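K.L.:
my questions concern the predicted model and sequence given below.
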Amino acid sequence: MKFICQDCGKILNEDELIISVDKVSDYAGGTHERSATCTCGGSCKEASRCIGCGEFFPDEELSGGYCMDCLKESATVSNAIGCGNEAKSEIKINGFLAYLFSEKEIEEILKVALDKKINESDANAMKAMDEAQDFCMDDACWFAGWLDSQKQVA
Ligand SMILES: [Zn+2]
Ligand SMILES: [Zn+2]
């Protein structure tokens with residue numbers, strides 16, 4: 001188990017923590033609070049390594065084992081399409097077009113349209129990247145799980 005100092009950012013082992021027991025109230029013979037602090041006096045939180053970059057972060061800042069920076073960096077258009085493939089969404093479209101094309105064909109047509117749009121202008125490319133990030137980060141934990149599953153395949 002590792003700990004990270006909230007003040008200086010130092011990574012500490014459990015045996016490096018300074019444990020102090022403070023009396024926080026006199027109620028019912030005294031209530032004590034056990035606190036773990038860094039050598040600098042800052043309070044410490046349990047920390048784990050990010051699967052992506054290997055840096056330590058407080059556990060509560062990790063989503064599915066990844067830090068936010070790594071997730072944001074991975075939230076690309078191609079990854080959004082990749083994980084979107086596992087989050088199928090239903091839409092209503094023209095019945096004849098639905099009759100003509102299979103789901104796979106419709107997806108291929110839309111991917112080509114998306115590529116065309118992205119290549120048209122920097123503004124379009126930026127918008128697609130922003131939306132890819134929103135889509136992936138909407139459920140960061142789920143995206144982290146997908147990312148991890150891709151890593152194992154590769
Ligand atoms: Zn510290
Ligand atoms: Zn990271």
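P.N.:
Received the coordinates, thanks. Ligands and ions are numbered 1, 2, ... in the order given.
K.L.:
quick one: the residue of the chain positioned farthest from its centre from Lys23, how far?
P.N.:
Among residues of the chain, the one most distant from the C-alpha centroid is Gly29; the distance is 44.4 Å, by Cα atoms, centre = their mean. For Gly29, the distance to Lys23 (Cβ to Cβ, to the nearest Å) stands at 10 Å. Heads up, the C-betas are built off the backbone N, CA and C, glycines and all.
K.L.:
what sits against the closest residue to Gly64 other than its chain neighbours?
P.N.:
Computed as Cβ to Cβ, 6 or more residues apart in numbering, the closest residue to Gly64 that is not its neighbour in sequence is Ala144, at 2.7 Å. The contact partners of Ala144, by Cβ atoms under 8 Å, 6 or more residues apart in numbering, come to 51, 63-66, 71.
K.L.:
spell out which parts of the chain neighbour ligand 1.
P.N.:
Taking Cβ under 5 Å from the ion, the part of the chain that reaches ligand 1 is made up of 5, 7-8, 10, 38, 40, 42.
K.L.:
re the thing from before, that's a helix at the residue nearest to Gly64, yeah?
P.N.:
Yes - assigned with DSSP: H, G, I helix; E, B strand; the rest coil, Ala144 falls within a helix.
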